[in-house]
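**Student:** sequence first, then the predicted structure, then my questions.
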Amino acid sequence: MKSIQYTVSFFTYWHCSSGVVGGPDASNTVIKDESNLPFIPGKTLKGLIREAAEDFLPILYGEVFSRQFVVDIFGPDSNAFDYDNQSSHFANATLPAPVKAGIEPEDTTLLYDLLASTAIDKEGQAKDGSLRQIEVCVPMSLTAKILDFPDKPQYLEALEKCLMGIKQMGSDRTRGLGRCQFSLIQNEEA
């Protein structure tokens, strides 16, 4: 088994929701760790990469390989966790340690911005009560690991193709948020 490390590089503002209302400033905030730094939950990444595998791999490698890859990496069922048939573990994507070390607590606010939007009626006027603001993260790169990845060269190649196929993530993608690139950065023996 191997540990696979990869980068998620954002080229635009992005938003992975915390599910928490931000009070008067934002109707939706981004998920943050205990140091007020943004991250992407491993569960979110696992689902996104699984979706890419299910979309791309049958075309590239055929149905049999695709099904086996999905089961071996993500588990037999996307809606259930089978403790007897554990798959690879997807860690959270976080800022790289050297970047984190260089951010002072009072500077974390520089990693975020607010975007406002409103609904427009037929006459071109803003609808009453429709103003919404969401908190977004500025463009940045985060790193993550996949632990217990099977030591099969064709699986690593397939994973890289899945990662290359992901071009956006997070909410409000139809409004231009979350344009990104995933890329492998190193392989480590576990």
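**Tutor:** Arrived safely, thanks for sending. Here the structure is a predicted model, which is why all the values come from computation and not from measurement. Residues are numbered from 1 along each chain as shown.
**Student:** and the helix or strand containing residue 64, what does it pack onto?
**Tutor:** Element membership for residue 64, per DSSP states H and E: helix 63-74. Helices and strands touching helix 63-74, as assessed by 3 or more CB pairs under 8 Å, 6 or more residues apart in numbering; DSSP states H and E, comprise helix 42-61, helix 153-165. (Glycine included, C-beta is placed from N, CA and C.)
**Student:** residues in contact with it: which ones?
**Tutor:** Residues lying outside helix 63-74 but in contact with it, judged by CB atoms under 8 Å, 6 or more residues apart in numbering, are 46, 49-50, 53-54, 57-58, 61, 87-88, 146, 149-150, 154-155, 158-159.
**Student:** filter these down to the buried ones.
**Tutor:** Buried subset of these (neighbour count, 16 or more other CB atoms under 10 Å): 46, 49-50, 53-54, 57-58, 61, 87-88, 146, 149, 155, 158-159.
**Student:** picking that back up, closest one to residue 10 among the helices and strands packed on helix 63-74?
**Tutor:** Taking CB to CB as the measure, the helices and strands packed on helix 63-74 were each checked against residue 10, and helix 42-61 came out nearest at 13.5 Å.
**Student:** using PDB, list the CA coordinates for the closest one.
**Tutor:** Below are the C-alpha coordinates for helix 42-61, written out as PDB (Å, rounded to 0.1, in the frame of the first residue of the first chain):
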ATOM      1  CA  GLY A  42     -11.500  14.300   2.800                       C
ATOM      2  CA  LYS A  43     -15.000  13.000   2.400                       C
ATOM      3  CA  THR A  44     -15.700  15.800  -0.200                       C
ATOM      4  CA  LEU A  45     -12.600  14.900  -2.100                       C
ATOM      5  CA  LYS A  46     -13.300  11.200  -2.000                       C
ATOM      6  CA  GLY A  47     -16.800  11.800  -3.500                       C
ATOM      7  CA  LEU A  48     -15.500  14.100  -6.200                       C
ATOM      8  CA  ILE A  49     -12.700  11.800  -7.200                       C
ATOM      9  CA  ARG A  50     -15.100   8.800  -7.200                       C
ATOM     10  CA  GLU A  51     -17.500  10.700  -9.500                       C
ATOM     11  CA  ALA A  52     -14.600  11.400 -11.900                       C
ATOM     12  CA  ALA A  53     -13.600   7.700 -11.800                       C
ATOM     13  CA  GLU A  54     -17.100   6.600 -12.500                       C
ATOM     14  CA  ASP A  55     -17.400   9.100 -15.400                       C
ATOM     15  CA  PHE A  56     -14.000   8.700 -17.100                       C
ATOM     16  CA  LEU A  57     -12.600   5.200 -16.300                       C
ATOM     17  CA  PRO A  58     -15.300   3.100 -18.200                       C
ATOM     18  CA  ILE A  59     -14.400   5.100 -21.300                       C
ATOM     19  CA  LEU A  60     -10.600   4.800 -20.800                       C
ATOM     20  CA  TYR A  61     -10.200   1.300 -19.400                       C
END
